[in-house]
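Undergrad: make a model of this:
(one chain, ligands or ions: 1)
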Amino acid sequence: MNFKALAIAILAAGSSTLGFAKSAESTGTVTVCLADPTLDITIDQAKMTVSAMFRKADVNVVWRHSAADCRKPGAQGIVIDLLTHAPQDAPQLAMARAFVYEGVHIQIFRNRVSHPEGGLNAPLFAHVMVHEITHILQGVARHSETGIMKATWTRDDFMRMQNKPLAFAADDIEMIHLGMLQRNADGPATSLLARNTTEPHAAETR
Ligand SMILES: [Zn+2]
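TA: Sure, this is the predicted structure:
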């Protein structure tokens, strides 16, 4: 039984608690497009961390190296734009933002996920990607009390993530799976040009 069938079966049974068995058969898949013209090895490191973090939530990340791959007709991927600097309309100190209700685009501000001496901070970059991808998969702008989806990471969180990835709260894993079911049911975003008419959600992680 694949994940979708499993989840539908559980929902049909009227259960409010979803059980996600750790098996390949129950894994949802999301395609993420992140262009990397610089071939920066820290980006590869961060992508591996992102994939490992989502595996803990039973989600398989398929990476593509061109935004165009996620903008093809029928595509349902998520596009990450790694911008050199935050745009002027971005909240002060925000490291990234996801266009949650548009469902496609994430902007990450490279200068704010880099070490002070320069160079991407791979663990931090990975956590910011996971946080923003999760917003899009869940389809709502909400935060949790603990873990990856906290509105604000503490100094301890920042230090901890350098050695070991933060975890998802149990509620977040359930909401990711429900959100993915909804995305699959809705089909591709109706307008990929909608980014200027949608309500951005600024990540409050710093
Ligand atoms: Zn957030």
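Undergrad: from now on I want contacts and neighbour counts done on CA atoms only, so please keep to that.
TA: Fine.
Undergrad: pretty sure I106 sits in a strand.
TA: Yes - the assignment for I106 is a strand, going by DSSP: H, G, I helix; E, B strand; the rest coil.
Undergrad: count of neighbours near it?
TA: Counted with other Cα atoms under 10 Å, residues neighbouring I106 total 24.
Undergrad: grab the nearest non-local neighbour of it.
TA: Leaving aside its sequence neighbours, I106 sits nearest to A98 (Cα to Cα, 6 or more residues apart in numbering; 4.3 Å).
Undergrad: just L124 next, same as before
TA: Using Cα to Cα, 6+ apart and skipping residues adjacent in sequence, the residue nearest L124 is V113, 6.2 Å away.
Undergrad: quick one, strands of the protein?
TA: 28-34, 59-64, 78-83, 96-98, 105-109, 201-202 (DSSP state E).
Undergrad: could you identify which of those strands is most buried?
TA: Mean neighbour count (mean count of other Cα atoms under 10 Å) peaks for strand 96-98 among the strands of the chain, with a mean of 28.
Undergrad: give the contact list for the closest residue to V62 other than its chain neighbours.
TA: In this structure, V62 finds its nearest non-sequential neighbour in T31, 4.6 Å apart by Cα to Cα, 6+ apart. Taking Cα atoms under 8 Å, 6 or more residues apart in numbering, we find T31 in contact with 61-64, 70, 76-78.
Undergrad: ok, now L83?
TA: L83 sits next to 107-110 when contact means Cα under 8 Å, 6+ apart.
Undergrad: A169 now?
TA: 144, 146-149.
Undergrad: for S66, list the residues it contacts.
TA: S66 is in contact with 33-36, counting by Cα under 8 Å, 6+ apart.
Undergrad: go through those residues and name the one nearest Q182.
TA: Set against Q182, the nearest of the contacts of S66 by Cα to Cα is C33 (20.3 Å).
Undergrad: my read: the closest one touches C70, true?
TA: Yes - C33 lies in contact with C70 (Cα atoms under 8 Å); the separation is 6.0 Å.
Undergrad: what do those two both touch?
TA: Jointly contacting C33 and C70 under the rule Cα under 8 Å, 6+ apart are 64, 77-79.
Undergrad: now do the contacts for the residue positioned nearest the centre of the chain.
TA: Nearest residue to the geometric centre of the chain (Cα atoms, centre = their mean): I133, 1.3 Å. Counting by Cα under 8 Å, 6+ apart, I133 touches 78, 98, 106.
Undergrad: do you know how far it is from G118?
TA: Distance of I133 to G118, given as Cα to Cα, to the nearest Å: 25 Å.
Undergrad: with T84 instead?
TA: T84 sits 12 Å away from G118, going by Cα to Cα.
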